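Engineer: Test case, fold it:
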Amino acid sequence: MSDDTPESPPEEPDADSGQRVWDPRQVMRDRAAATRKQRDDSIAQLRESMDEEILDEFGINLDGIEP
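Structural biologist: Purely as a prediction, here's the structure:
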């Protein structure tokens, strides 16, 4: 499995100290958003590749995991 983790957090110099700082909460939100988008895209691809009859036959219900 490949590592699809978004790039490292942007490092912007702090105006006061000159050190690089980043907001870990924002990084996690960005990574979660990227993961949700990837999941939604995968579900959309699955829906396109399988017709409703096949989904019903195997008992696959994608409605519960779509946004």
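
Engineer: tally of neighbours for M50?
Structural biologist: Applying other Cβ atoms under 10 Å, we find 14 residues neighbouring M50. Every residue, glycine included, has its C-beta placed from N, CA and C.

Engineer: mind listing what it touches?
Structural biologist: Residues near M50 by Cβ atoms under 8 Å, 6 or more residues apart in numbering: I60.

Engineer: Same question for E52.
Structural biologist: Shown here is E52, which makes no contacts under the criterion Cβ under 8 Å, 6+ apart.

Engineer: what do you get if the cut-off is 10 Å, keeping everything else the same?
Structural biologist: Applying Cβ atoms under 10 Å, 6 or more residues apart in numbering to E52 gives the contacts I60.

Engineer: Show the pLDDT at it.
Structural biologist: pLDDT recorded at E52 is 76.

Engineer: Do a quick rundown of the helices in this protein.
Structural biologist: Assigned by DSSP state H, the chain shows helices spanning 24-49, 52-57.

Engineer: Would you mind giving the ones you listed as a markdown table with distance to D63 added?
Structural biologist: Shown next, in a markdown table, are the helices of the chain (distance: least, Cβ to Cβ, whole Å):
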| stretch | distance to D63 |
| --- | --- |
| helix 24-49 | 10 |
| helix 52-57 | 10 |
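
Engineer: Worst mean pLDDT among those helices?
Structural biologist: Of all those, helix 52-57 carries the lowest average pLDDT, namely a mean of 78.

Engineer: on that earlier part again, among the helices of the chain, which comes closest to G64?
Structural biologist: The closest of these to G64 is helix 24-49. By Cβ to Cβ, the value is 10.7 Å.

Engineer: Which positions in the closest one come out as buried?
Structural biologist: Neighbour counts over helix 24-49 (16 or more other Cβ atoms under 10 Å) mark no residue as buried.

Engineer: And for stretch 53-60?
Structural biologist: For stretch 53-60, it's none, nothing buried (16+ other Cβ under 10 Å).

Engineer: Excluding its own residues, what touches that stretch? List them.
Structural biologist: For stretch 53-60, contacts defined as Cβ under 10 Å, 6+ apart pick out L46, R47, M50, D51, E52, N61, L62, D63.
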